[in-house]
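J.: Sequence first, predicted model second:
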Amino acid sequence: MAASNGIQAPSSIFIEPQFTHDQQLILLNNEELRTKNREQLIEKLERVIQEKNASITKLEQREQYLEDTLKKRNTEFRALEEQLRQFEEKVENQYSFAFSEYPKKKTILDTNI
């Protein structure tokens, strides 16, 4: 590599630093510790994801149960509404029939004077 003034730097500058045995052990231990921490973090994240997925599944099941219950209750309500309508018609028909059976009493207004 050439310097800006055209002078080439000695190649010894670009050699990687040499570490002592103790420094190499420290670097190796640090890398092992980072790897171990990374693996533990991945495991923890996988557990959290599994728990969240289980929660989502439970919520979806609960939602489906509530939808099914609502549909069932809706059907029951409509059936009760229909029964009520039929009962009201029956009562109305009975009253109108009952009133048509009895002759109307003559009042003073009904007589021709």
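T.: Structure's in. What do you need? Numbering: from 1, shown residues only.
J.: When you work out contacts or count neighbours from here on, use the C-alpha atoms and nothing else.
T.: Noted.
J.: Could you report the neighbour count for T75?
T.: 12 (other Cα atoms under 10 Å).
J.: From E81, how far off is it?
T.: 10 Å (Cα to Cα, to the nearest Å).
J.: same check, this time on E92
T.: For E92, the distance to E81 - Cα to Cα - is 16 Å.
J.: One more: L45?
T.: Taking Cα to Cα as the measure, L45 falls 53 Å from E81.
J.: Could you tell me which residues make contact with Q23?
T.: Shown in contact with Q23 (Cα atoms under 8 Å, 6 or more residues apart in numbering): no residues.
J.: where's it, which helix or strand?
T.: Element membership for Q23, per DSSP states H and E: helix 21-101.
J.: Could I get the average pLDDT for that helix?
T.: The average pLDDT for helix 21-101 rounds to 92.
J.: Now Q18: which helix or strand?
T.: Counting by DSSP H and E, Q18 is part of no helix or strand.
J.: Run a quick neighbour tally on it.
T.: Residue neighbour count, defined by other Cα under 10 Å, stands at 8 for Q18.
J.: could you list every residue that touches T35?
T.: Here T35 is in contact with no residue (Cα under 8 Å, 6+ apart).
J.: and it, how far is that from L41?
T.: Counting by Cα to Cα - T35 and L41 are separated by 10 Å.
J.: Q94 too?
T.: 78 Å.
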